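Peer 1: Have a look at this prediction, sequence included:
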Amino acid sequence: MAKGVKLGMQIKEIRQLEKGKNKIILENDDYVLLYYKELKAFKMVQEEEINEDTWQLARKTMITRGKKRVYHLLGKKDYVIEEIRKKLVKEDYPVAIIETILDYFIELGFLNDKSYTEKYYRYQKATKSRRIIEMKLSEKGIPREIIKAFFETVDHQETEYETAENLLKKKYNNKEVTKEDYNKMARFLAYKGFDYDVIKPVIMTYLKSTEETYDS
């Protein structure tokens, strides 16, 4: 046996997939996805053994392809780590290869959930309540501890009042409203994720300003 070449495992199955891909599955259920030309280059045959060095080269081929895929995605917009993980899972990348690819982009700083959280907040705080922002970040897959730690560093209370006020102005477009409209306005702001301690003073201030406008 050549130096550095280790005995491997038997290829349990070579399964043909769509778009010219093949899924090569070992007897321990580890697998890679290769195109036909790659399959031939590695001389993989069903029910025959493959040495470890060749298997690792096949994995590197898939890792390189995965990196190109992620570069393409990140070239279009920002993603959080979990969003990229889900895309790679959907494309049937093995878990270990996915984590290798993610670690590569995390090290480069191209995937950074903390930075994404800060940027998302900066762009959304003028139109969304803290509760809605937290919910959206959570839905994207940002870990709860990162979201919590971020909001401990910002004073969002003043922004909440301003955002609620702007949404109310946009909704009613300075139309004449009365105290009878209070509940309707409160439901609107509650739906947008604002707490009562924000809703009440904002509505009262808005009602007062519209009264002054129409009285003048």
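Peer 2: Right, received. Where do you want to start? Residues are numbered from 1 along each chain as shown.
Peer 1: If you count residues, where's the longest strand of this protein?
Peer 2: strand 9-16 (DSSP state E).
Peer 1: Just checking: what are the partner strands of that one?
Peer 2: Applying DSSP bridges, strand 9-16 is found paired with strand 21-26 (antiparallel), strand 49-50 (antiparallel).
Peer 1: now those strands in TSV, with distance to Ala190?
Peer 2: For glycine as for every other residue, the C-beta is placed from the backbone atoms N, C-alpha and C. Below are the strands paired with strand 9-16 laid out as TSV (distance: least, C-beta to C-beta, whole Å):
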stretch	distance to Ala190
strand 21-26	50
strand 49-50	61
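Peer 1: The ones you listed: lowest mean pLDDT?
Peer 2: Lowest mean pLDDT of the strands paired with strand 9-16: strand 49-50, a mean of 92.
Peer 1: Nearest to Tyr35 among the strands paired with strand 9-16 would be which one?
Peer 2: In terms of C-beta to C-beta, the element of the strands paired with strand 9-16 nearest to Tyr35 is strand 21-26, at 6.1 Å.
Peer 1: now for the helix or strand following the closest one, which elements pack on it?
Peer 2: Moving toward the C-terminus from strand 21-26, the next helix or strand (DSSP states H and E) is strand 31-35. Secondary-structure packing of strand 31-35 (3 or more C-beta pairs under 8 Å, 6 or more residues apart in numbering; DSSP states H and E): strand 21-26, helix 52-74.
Peer 1: I'd like these laid out as CSV, including mean neighbour count.
Peer 2: Formatted as CSV, the helices and strands packed on strand 31-35 follow (neighbours: other C-beta atoms under 10 Å):
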stretch, mean neighbour count
strand 21-26, 17
helix 52-74, 15
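Peer 1: With distance to Glu91 added, can I get these in CSV?
Peer 2: Listed next are the helices and strands packed on strand 31-35 as CSV, based on distance: least, C-beta to C-beta, whole Å:
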stretch, distance to Glu91
strand 21-26, 10
helix 52-74, 7
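Peer 1: Among the ones you listed, which comes closest to Leu168?
Peer 2: helix 52-74 (37.4 Å).
Peer 1: ok, and what's touching that closest one?
Peer 2: 4-9, 24, 26, 32-34, 38, 42-44, 79, 84, 87-88, 91, 93-94, 97-98, 100-101, 104-105, 110-111 (C-beta atoms under 8 Å, 6 or more residues apart in numbering).
Peer 1: Show me the residues you listed that map onto helices.
Peer 2: In helices, judged by DSSP state H, the following of the contacts of helix 52-74 are found: 38, 84, 87-88, 97-98, 100-101, 104-105.
Peer 1: Among the residues you listed, name the buried ones.
Peer 2: Listed as buried from the ones in helices among the contacts of helix 52-74 are 38, 84, 88, 97-98, 100-101, 105; burial here means 16 or more other C-beta atoms under 10 Å.
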